[in-house]
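*Asks:* Show me how the following folds:
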Amino acid sequence: MIELANIPFAQICLYDSAFFPADRTKFLKLWLTQPDSIALGIIRNNRIVAYGVIRPCRIGYKIAPLFADNPLLAETLWLGLLAAVEENQSVFLDICENNPHARALVKRHDLQIVFETLRMYTKYMPALDFERMYGITSFELG
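*Replies:* Got it, this is the predicted structure:
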């Protein structure tokens, strides 16, 4: 696991493109360098296979996003991001309900439902890689 700042930004943007239906290069430049946040990634065979960000929120911390190629990488990244905060702090993760591996992750770590929401589209559902989406970036921003 390494800091995202040590991964070529173009590689991060390419990986991220599977999870959002539009280019968000400008957004990511700011999101990945938020004050007091920690952004980590995992590289295998010279390519990014997982990345996530943990940041302070009003109460505790939020991990957003958490993207990974498989459940083991998601678990590794989850634990790495959690290691960045003090014990007994609240940590939030907004999962995609249609990813059974994300549901298993929150169950394994005994996370509790705080609220639920639906993802809605006006014309068509974009082709997003929900199987690798363990935590969305933000309900407010997509």
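*Asks:* Where does the closest residue to residue 97 other than its chain neighbours sit: helix, strand or coil?
*Replies:* The shortest distance from residue 97 to any non-neighbouring residue, by Cβ to Cβ, 6 or more residues apart in numbering, is to residue 103 (7.0 Å). Where you see a C-beta, it was placed from the backbone N, CA and C, and this is true even at glycine. The three-state assignment at residue 103 reads helix, by DSSP: H, G, I helix; E, B strand; the rest coil.
*Asks:* Give me the neighbour count for residue 103.
*Replies:* Per other Cβ atoms under 10 Å, the neighbour tally for residue 103 reads 14.
*Asks:* Adjust the sequence numbering to begin at 479 for everything that follows.
*Replies:* Taking 479 as the first residue, the last one we looked at is residue 581.
*Asks:* Tell me the confidence at it?
*Replies:* Here the pLDDT value assigned to residue 581 is 88.
*Asks:* Please report how far it lies from residue 562.
*Replies:* Residue 581 is 24 Å from residue 562, where distance means Cβ to Cβ, to the nearest Å.
*Asks:* same question, residue 603
*Replies:* For residue 603, the distance to residue 562 - Cβ to Cβ - is 34 Å.
*Asks:* Now the element after the lengthiest helix in the chain, going C-ward?
*Replies:* Longest helix in the chain, counting residues (DSSP state H): helix 549-560. Helices and strands here follow DSSP states H and E; after helix 549-560, the next one along the chain is strand 569-571.
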